[in-house]
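Participant: Below is the structure, and that's it, no one-letter string:
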């Protein structure tokens, strides 16, 4: 025990220096966020360059404009476009998480527990797929989806996302399964469980937090993905939210306040989720990296 | 309750032969302790009895049932793990009930057994806690309870006390032996701690490098070790060995020129042939002070007071000896200490076998 | 998971528009590597883009690591007040979806009404200077800098959190032992702390480098390659060939294969060399 072992030598100047550094860093970190927030609430028609991110003539008009955008189809009642697009994002992301976890759990468990021919090679190949940039795989994915007739569909996009979500999930879960002592399964088997029962009743519940976090990340990666959605989805009512936001400031119309308002609506929930999951992610990433 | 018999067990992991033809017999209701240094194969042997590993060759029988190829769950055994292996997501109650639940025992029986066992082990007030909210000693008790509640034919213990502190270890050791006597179940217990082995066992199996070096009741193994390895492994402080001792006409020629007379040569028979070289072993507690007619005289280099006794580090010629004497014996550094030897052991320097007939 | 890889590799051997592709063998690779016969380092040639990509990766990783490490070390001081608050605020950039970040920064660098221009006006006001607002995306250096600023903002929290995690694994008594042995604070940092967190940081740095190497969103959304494709990195260049320049899939796929091989070789090389050295 060393009660304030470091504390006794910290001078005032040093402590001021530390806080100064942190305040500058925090300013750097927060400025763009505040800029978006202030833009979202600014009522001024023509954006003006300003230093302090404080909304001028505060208004909720942009938020409303984004949230209640509608799709006008002649002869039919208007449909709530933003709701549709948000639902697209959520459904696609949920499906990605589900597919990712269902495939990754048994694979990761096998990698963590059993020795088999080609295991090392398989792991390395899996790692290698992580180096194939998502954008670069957009090309073959585009061709494959075209071949399957799934181009421009939501299931097609889920398939694309699963190809990147699954390897990542396998790494996360392999690390998690490896931290569960073999003793636990052996105890269950001595207690009368079959191998599968030991997996289902002991390993899975013990790994539940890790599985939840993995699913959460698969969900968020799909929810936040832009390039593939931008490339693969053709019609407005199929769009996921990132595509919608980007189109607010495409080359033809730059509606920054609307973009900012939309960003707020979609980012805040994921930021909260992210904060919950972030600690677990780090452990998984570094552990997986060391072993791979 | 069942007798355990393992015959000519061989276990290989790849090219490494961990067990090289081991025989074990534990009678119905017996308490067998497998003891040895790390890597001797004792834990592997226990895992083979549990069915967690498969034998390379050999046969395991529980009573008249051949269990060699049975899965753990079909062997009707319970095991206490070194890490306790408590299911982290289940409460103490559910940990205790887990095995019974898997066997489709009805809820009323499970409840009454859990109550009975938790009363026996003093776990009543902890039943609704999760393992991570328990102290080390409490976790150990839950692990024991989980084994007892099943009423298995055979208990297996894999170093169950090694994660406890010294005081608790001594206390739980006593409890384990009491529980064994109360339940009357056959038990096999693995440890590297020779105190646990001595105090718990009906039969000690001393393992070394994949073979059983000696089997017997604790007293017999302690007083008549069959090999130099067993002699050195059991007993604390360890037995003193003096190598390269020549058998002379009047006794054993010790380093430094003294001669140790063998008072009772009968058990050694022909081994005490003059001119032969042997290894001499004397336990630290087998020395007594004898000023009038000493067997040998040693030079005291360091005296440690351990409370009831003195642990003396002394020199005899080139050899270093440890001698344990009563704390009142008033020995000091620099003394020339006259000693008699109450019991001695002789080993063949080549084979390490005891020369006692 | 492997199918896209295989299809991608196969596609790289074909040329022509989709549906009317014909087999050309390695011709795509030859064209890429010879810059289609043009000067090897002209803007838009593979070698130029490669150079930009390496510069991009190196600058970003150094800044990520430097800032992340510094903040991690400061934040790990047990006597610091408001630690938890600082930590949450500094992680925020990582939590924001990266396309939002990228677009927001693009807005901030807007020449007419971006916040950076606002900052320049403010400096002019306060100090009586007369700096002209910068057209960030019309010159290579400024466009590249804008991309880097965005990506640094995006990536430093990761390194900071990794550093914090790694620092918890440095036991206090080792540092105290060093102190008793007479090490100064700086020596304790460089001789004890940094070597001890290195194993934990190494995989994170590799990962960060791969991410940066492939950081499409920032380049595509902030500078969009401006001016004139000069700030494009390999992935955004590949994307452009596939989806904006008349869908030259084969050519783009060949780019993707080259990216993959580059990463594979550079990340495997140290391990491979180590094994070869050990085998001797």
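Facilitator: Cool, the structure landed. Please read these numbers as outputs of a predicted model, since none were measured by experiment.

Participant: Which pLDDT value goes with the closest residue to residue C:61 other than its chain neighbours?
Facilitator: Here the nearest residue to residue C:61 in space, its sequence neighbours aside, is residue C:209; by Cβ to Cβ, 6 or more residues apart in numbering or on different chains that works out to 5.2 Å. All C-beta spots, glycine's among them, are computed from the backbone N, C-alpha and C. As summarised for this prediction, residue C:209 has a pLDDT of 87.

Participant: which phi and psi does residue 214 have?
Facilitator: Since you didn't name a chain, this refers to chain A. The phi and psi torsions at residue A:214 (degrees, to the nearest 10) take the values phi -60, psi -40.

Participant: To clarify, I was referring to chain C.
Facilitator: When read as degrees, to the nearest 10, the backbone of residue C:214 gives phi -100, psi 20.

Participant: my guess is residue C:123 meets residue C:130, correct?
Facilitator: No - here residue C:123 lies out of contact with residue C:130, judged by Cβ atoms under 8 Å, at a distance of 9.9 Å.

Participant: mind listing the helices in chain B by residue range?
Facilitator: Listed in chain order, the helices of chain B (DSSP state H) span B:42-50, B:92-102, B:107-121, B:136-148, B:166-183, B:194-200, B:218-223, B:228-233.

Participant: what's the angle from the fifth one to helix B:136-148?
Facilitator: By that I understand helix B:166-183. Here helix B:166-183 runs at an angle of 20 degrees relative to helix B:136-148 (axes from the mean of the first three to the mean of the last three Cα atoms, to 10 degrees).

Participant: what is the orientation angle of helix B:166-183 with helix B:107-121?
Facilitator: Computed by the same axes, to 10 degrees, the angle between helix B:166-183 and helix B:107-121 is 130 degrees.

Participant: quick one: contacts of helix B:166-183?
Facilitator: For helix B:166-183, the surrounding residues in contact (Cβ atoms under 8 Å, 6 or more residues apart in numbering or on different chains) are B:31, B:120, B:136-137, B:140, B:144, B:148, B:155, B:157, B:160-161, B:164, B:187, B:189, B:196, B:199-200.

Participant: Mark which of those residues are buried, thanks.
Facilitator: B:31, B:120, B:140, B:144, B:148, B:155, B:157, B:160-161, B:164, B:187, B:189, B:196, B:200 (16 or more other Cβ atoms under 10 Å in any protein chain shown).

Participant: per-residue pLDDT, the residue in the stretch 1-150 of chain C that chain B sits nearest to?
Facilitator: Proximity of the stretch 1-150 of chain C to chain B (Cβ to the nearest Cβ) peaks at residue C:84, 23.7 Å away. As summarised for this prediction, residue C:84 has a pLDDT of 81.

Participant: swap in residue A:280?
Facilitator: Looking at residue A:280, its pLDDT is 64.

Participant: count of residues packed around residue A:79?
Facilitator: Taking other Cβ atoms under 10 Å in any protein chain shown as the criterion, the count of residues near residue A:79 is 12.

Participant: if we can go back for a sec, from the buried ones among the contacts of helix B:166-183, which two are the most distant?
Facilitator: Farthest pair in the buried ones among the contacts of helix B:166-183 (Cβ to Cβ) is B:120 and B:196. Separation: 21.4 Å.

Participant: Near residue C:223, how many other residues are there?
Facilitator: Summarising burial for residue C:223: neighbours were counted as other Cβ under 10 Å, giving 28.

Participant: what about the helices in the stretch 151-292 of chain A?
Facilitator: Remark: helices of the stretch 151-292 of chain A, listed N- to C-terminal, are A:154-179, A:182-190, A:195-198, A:204-206, A:208-223, A:227-232, A:241-248, A:256-291; assignment by DSSP state H, counting those that start in this stretch.

Participant: so which of those gets nearest chain C?
Facilitator: The stretch from the helices of the stretch 151-292 of chain A with the least distance to chain C (Cβ to the nearest Cβ) is helix A:256-291; that distance is 2.6 Å.

Participant: if I pick the most centrally placed residue in chain B, what's in contact with it?
Facilitator: A centroid search over chain B (Cα atoms, centre = their mean) returns residue B:197, at 2.9 Å, as the residue closest to the centre. Counting by Cβ under 8 Å, 6+ apart, residue B:197 touches B:33, B:35, B:191, B:204, B:218, B:234.

Participant: Now the fifth one: closest residue in space that isn't a chain neighbour?
Facilitator: Pointing back at residue B:218 there. Nearest-residue entry for residue B:218: residue B:198, 4.7 Å, with adjacent residues in sequence omitted and distances by Cβ to Cβ, 6+ apart.

Participant: Could you say which one of the helices of the stretch 151-292 of chain A comes nearest to residue A:63?
Facilitator: The closest approach between residue A:63 and any of the helices of the stretch 151-292 of chain A, judged by Cβ to Cβ, belongs to helix A:256-291 at 4.5 Å.

Participant: Can you read off the pLDDT for the residue of the stretch 151-280 of chain C found nearest chain A?
Facilitator: When distances are taken as Cβ to the nearest Cβ, the stretch 151-280 of chain C reaches nearest to chain A at residue C:203, 2.6 Å away. Model confidence at residue C:203, expressed as pLDDT, equals 78.

Participant: which secondary structure element contains it?
Facilitator: With the criterion set as DSSP states H and E, the secondary-structure element containing residue C:203 is helix C:194-213.

Participant: what's the next helix or strand after that helix packed up against?
Facilitator: The first helix or strand that comes after helix C:194-213 along the chain, using DSSP H and E, is helix C:216-218. Here helix C:216-218 is seen to pack against helix C:98-108, helix C:140-168, helix C:234-243 when contacts are counted using 3 or more Cβ pairs under 8 Å, 6 or more residues apart in numbering or on different chains; DSSP states H and E.

Participant: Mean pLDDT, distance to residue B:67 and mean neighbour count added to those helices, as TSV?
Facilitator: As requested, these are arranged in TSV below (pLDDT from 0 to 100; distance: least, Cβ to Cβ, whole Å; neighbours: other Cβ atoms under 10 Å in any protein chain shown):
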stretch	mean pLDDT	distance to residue B:67	mean neighbour count
helix C:98-108	85	59	25
helix C:140-168	88	47	22
helix C:234-243	80	60	25
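
Participant: could you dump the ones you listed to TSV with distance to chain A?
Facilitator: As requested, the helices and strands packed on helix C:216-218 are arranged in TSV below (distance: least, Cβ to the nearest Cβ, whole Å):
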stretch	distance to chain A
helix C:98-108	4
helix C:140-168	5
helix C:234-243	5
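
Participant: For residue A:70, which of these is the nearest?
Facilitator: Judged by Cβ to Cβ, the one of the helices and strands packed on helix C:216-218 that comes nearest to residue A:70 is helix C:98-108, at 23.4 Å.

Participant: can you give me how far that closest one is from the chain middle?
Facilitator: A distance of 16 Å separates the C-alpha centroid of helix C:98-108 from that of its chain, computed with Cα atoms, centre = their mean, to the nearest Å.
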